[in-house]
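Enquirer: Have a look at this prediction, sequence included:
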Amino acid sequence: MSRITVIGGTGYAGSAIVAEAARRGHRVTSLSRSVPDTPIPNVTYVQGDATDEATLRASVEGVDVVVGALAPRGPLA
């Protein structure tokens, strides 16, 4: 299966993408500012800032697919 990183993986769209990808058996990493109260089994959660180059690089290194599910607000606007 694919290795997938979802940037913004705990937001509205991102959490749905993470859940579906995990349900389908993919290896999923979720990068977001916070971790969920109820994590999805077999998902790796990385808490960090997507605008931090080192954090972003570490989260996407070696993956097959990167999904951007960020809301453009605050410093991302």
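Expert: On my side now, so go ahead.
Enquirer: Confirm for me that residue 51 is in contact with residue 75.
Expert: Yes. The pair residue 51 / residue 75 is scored as a contact, 6.3 Å apart, by CB atoms under 8 Å. C-beta here means a position set from N, CA and C on the backbone, and glycine is covered the same way.
Enquirer: out of those two, which sits in the busier spot?
Expert: Using other CB atoms under 10 Å, the more surrounded residue of residue 51 and residue 75 is residue 51, with 11 against 7.
Enquirer: how about the more buried one, what does it touch?
Expert: 75-76 (CB atoms under 8 Å, 6 or more residues apart in numbering).
Enquirer: Now stretch 45-52: buried residues?
Expert: Under the neighbour-count criterion of 16 or more other CB atoms under 10 Å, stretch 45-52 has 45-46, 50 buried.
Enquirer: what's the span of it, first residue to last?
Expert: The straight-line separation of the ends of stretch 45-52 (CA to CA, to the nearest Å) is 16 Å.
Enquirer: hang on, isn't residue 44 packed against residue 31?
Expert: No. Assessed by CB under 8 Å, residue 44 is found out of contact with residue 31, at 9.4 Å.
Enquirer: These two: which has the busier surroundings?
Expert: Of the pair residue 44 and residue 31, residue 31 is the one with more neighbours under other CB under 10 Å, namely 26 against 13.
Enquirer: and that one, what element?
Expert: strand 27-32 (DSSP states H and E).
Enquirer: Can you tell me the strand partners of that strand and which way each runs?
Expert: strand 3-7 (parallel), strand 43-47 (parallel) (DSSP bridges).
Enquirer: residues making contact with the first one?
Expert: If I follow you right, that is strand 3-7. With CB under 8 Å, 6+ apart, strand 3-7 has contacts from 14, 17-18, 21, 26-32, 50, 56, 59-60, 62-70.
Enquirer: hmm, try it at 7 Å
Expert: 14, 17-18, 21, 26-31, 50, 59-60, 62-70 (CB atoms under 7 Å, 6 or more residues apart in numbering).
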